[in-house]
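A.B. asks: Task: produce atomic coordinates for the following.
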Amino acid sequence: MRLLQALFFPPEQPGGVSSMIPHLQEKFSSARWEMEIFSLPKRIRGKGREEIVFETFDWTQYADSPIVQKYMQTYRDYLWWTRLRLQKPYDLIHAHHPIAALAMKTVFPNTPILQTTHSSYERELILNGKIEEGGAEHRFLVSIYRELEARTDQMITVSEAFRKYIAAYIKHPEHVKVMPNGYDERRFKPIAHENEVPQLITVCRLVPAKGLDILLQACSILKQRQIPYVLHLIGDGPSREDLEQMASELGVYDDTIFYGYTLHPEEFMPFFDIFVLPSRAEAFGSVFAEAALCGLALVGTQVGGIPEQIEHGVNGLLVPPDQAEALADALEQVIVDPAYRYEMSRTACDKAKSQYSLDRVAIELKRLYLSYESRGQQTV
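C.D. replies: Residues are numbered from 1 along each chain as shown. This is a model prediction of the structure:
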């Protein structure tokens, strides 16, 4: 069976899908399966000129928005690159971004197209202050869900919470499958260690949606309570300068290390103690599963797919978003009680291995792909 995994970002980029698909390819390495990975290189910009028409709505009513214009030009670029590079038939295409899915269906109209939505672009833009809720850009982006439903053969999301979210924008949410991402255990190696001062770590893009301002406030509260810790922030983004200034103003800069972007954080995550990320929105929160597989205790927020991974008090702690005091209380619990921290981290690791293993995902995907095998092939 000839398969194409259509990504948006190149697979070396950070993120749940990019950390999963290249490793998934090994699971399909046999005479029965032939899998390729496709994405749009960063250097491809402004190449596409194709006229775009959606089946379910008129996008031109939003054309005055620069954000919509950029989205549509990226769609055209993806179409241009797809037509240029893909010249052979596939039995099935699995897309991991709305642009990838719609472009593939345009180029391969008779090939089954499966679409997994891994995150909510519009929610991130709202939380990051880029667009207004209910504004033109928001209405345009949520309209894409209905277009995906109309044109693709199967919609998939990574959490039950995200399926409920998109239910407001499509006709048949009951047809959407939920399939969390999977992770190759061999990439994550917990290491027995003793840190004299508990080490907190977070890995994310430095943007308002991740709630790192709340984390710094919580760390300030910990310092006032004379609770020892060191915070490691791995990632980069437009909020970095503001966060560094905030850490200085709160008096926690000397206890905080800003690493910037790091390609393989899982290689040194096992040397830390507690993973914390007070996100304001997460479709799934892949980094929690990755941290669990590294043997870290988990502290997260009650948003999106995070509560589907963390059972409060069993394999981690959950707090409401935007509540620095509650976050400080949770962090204090796991900082001052190493035995409790260890027990939760072990339970979190066991759950991640059983529910989010790459082998499980590969089996589910093979079963799903084979159900479409009889639908034939499509040439460009």
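
A.B. asks: Would you map out the domains in the protein?
C.D. replies: Listed by automatic domain parsing, the domain ranges of the chain are 2-182+357-375, 185-355.

A.B. asks: Tell me where the stretch 101-250 of the chain has strands.
C.D. replies: With DSSP state E, counting those that start in this stretch as the definition, the stretch 101-250 of the chain shows strands at residue ranges 113-117, 154-157, 177-178, 199-203, 230-234.

A.B. asks: Export those strands to CSV and append columns for mean neighbour count and distance to residue 68.
C.D. replies: Every residue, glycine included, has its C-beta placed from N, CA and C. Shown next, in CSV, are the strands of the stretch 101-250 of the chain (neighbours: other CB atoms under 10 Å; distance: least, CB to CB, whole Å):
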stretch, mean neighbour count, distance to residue 68
strand 113-117, 25, 19
strand 154-157, 21, 22
strand 177-178, 14, 29
strand 199-203, 23, 31
strand 230-234, 21, 32
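
A.B. asks: The ones you listed: which one's closest to residue 32?
C.D. replies: Across these, residue 32 has its closest neighbour in strand 113-117 (18.2 Å, CB to CB).

A.B. asks: Enumerate every residue touching residue 156.
C.D. replies: Contacts for residue 156 (CB atoms under 8 Å, 6 or more residues apart in numbering) come out as 114-117, 176-179.

A.B. asks: any chance of those in a markdown table, with distance to residue 247 and pLDDT too?
C.D. replies: Shown next, in a markdown table, are the contacts of residue 156 (distance: CB to CB, whole Å; pLDDT from 0 to 100):
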| residue | distance to residue 247 | pLDDT |
| --- | --- | --- |
| 114 | 43 | 98 |
| 115 | 40 | 97 |
| 116 | 36 | 96 |
| 117 | 34 | 94 |
| 176 | 41 | 97 |
| 177 | 42 | 97 |
| 178 | 38 | 96 |
| 179 | 38 | 94 |
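
A.B. asks: ok so, going back, wait, which of the strands of the stretch 101-250 of the chain is closest to residue 369?
C.D. replies: Judged by CB to CB, the one of the strands of the stretch 101-250 of the chain that comes nearest to residue 369 is strand 113-117, at 8.0 Å.

A.B. asks: Could the C-alpha coordinates of the closest one be exported in PDB?
C.D. replies: Written as PDB, here are the backbone C-alpha positions of strand 113-117 (Å, rounded to 0.1, in the frame of the first residue of the first chain):
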ATOM      1  CA  ILE A 113      -7.500  11.800   2.200                       C
ATOM      2  CA  LEU A 114      -7.400  11.400   6.000                       C
ATOM      3  CA  GLN A 115      -6.900  14.600   8.000                       C
ATOM      4  CA  THR A 116      -5.600  14.800  11.600                       C
ATOM      5  CA  THR A 117      -6.000  18.200  13.300                       C
END
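
A.B. asks: Mind listing residues that contact it?
C.D. replies: Here strand 113-117 makes contact (CB under 8 Å, 6+ apart) with 17, 92-96, 98, 101, 104-105, 145, 148, 151-158, 162, 166, 179, 283, 368, 372.

A.B. asks: Closest one to residue 364 out of the contacts of residue 156, please.
C.D. replies: When the contacts of residue 156 are compared for distance to residue 364 (CB to CB), residue 179 wins out at 6.1 Å.

A.B. asks: Name the next helix or strand downstream of the worst-scoring helix or strand of the chain on mean pLDDT, please.
C.D. replies: For the chain, using mean pLDDT, DSSP states H and E, the weakest element among its helices and strands is helix 16-27, scoring a mean of 79. Note on helix 16-27: by DSSP states H and E, the next helix or strand toward the C-terminus is strand 34-38.

A.B. asks: Please find the angle between the direction vectors of that next one and helix 16-27.
C.D. replies: Here strand 34-38 runs at an angle of 160 degrees relative to helix 16-27 (axes from the mean of the first three to the mean of the last three CA atoms, to 10 degrees).

A.B. asks: Can you mark which positions in strand 34-38 are buried?
C.D. replies: For strand 34-38, the neighbour count (16 or more other CB atoms under 10 Å) marks 35, 37-38 as buried.

A.B. asks: next helix or strand past it?
C.D. replies: helix 66-85.

A.B. asks: and that following helix, what other elements does it pack with?
C.D. replies: helix 98-107, helix 136-151 (3 or more CB pairs under 8 Å, 6 or more residues apart in numbering; DSSP states H and E).

A.B. asks: winner for burial among those?
C.D. replies: Burial of those is given as mean neighbour count (mean count of other CB atoms under 10 Å); helix 98-107 ranks first at a mean of 23.

A.B. asks: Other residues contacting that helix?
C.D. replies: Here helix 98-107 makes contact (CB under 8 Å, 6+ apart) with 4, 6-8, 38-39, 71, 74-75, 78-79, 82-83, 86, 93, 95, 111, 113, 115, 117, 144-145, 147-148, 151-152, 380.

A.B. asks: And stretch 42-62, by the same measure?
C.D. replies: With CB under 8 Å, 6+ apart as the test, stretch 42-62 has contacts from 10, 68, 72-73, 75-81, 136-137, 139-140, 143, 146-147, 150-151.

A.B. asks: Do me a favour and get the end-to-end distance for that stretch?
C.D. replies: Taking CA to CA, to the nearest Å, stretch 42-62 runs 25 Å from one end to the other.

A.B. asks: Buried residues of that stretch, list them for me.
C.D. replies: By 16+ other CB under 10 Å, the buried positions in stretch 42-62 come out as 48, 56, 59, 62.

A.B. asks: Setting aside sequence neighbours, what's the nearest residue to residue 144?
C.D. replies: Once flanking residues are discounted, residue 144 sits nearest to residue 98: 5.0 Å by CB to CB, 6 or more residues apart in numbering.

A.B. asks: rewinding a little: quick one, which of the strands of the stretch 101-250 of the chain is nearest to residue 316?
C.D. replies: Of all those, it is strand 199-203 that lies closest to residue 316, at 13.6 Å by CB to CB.
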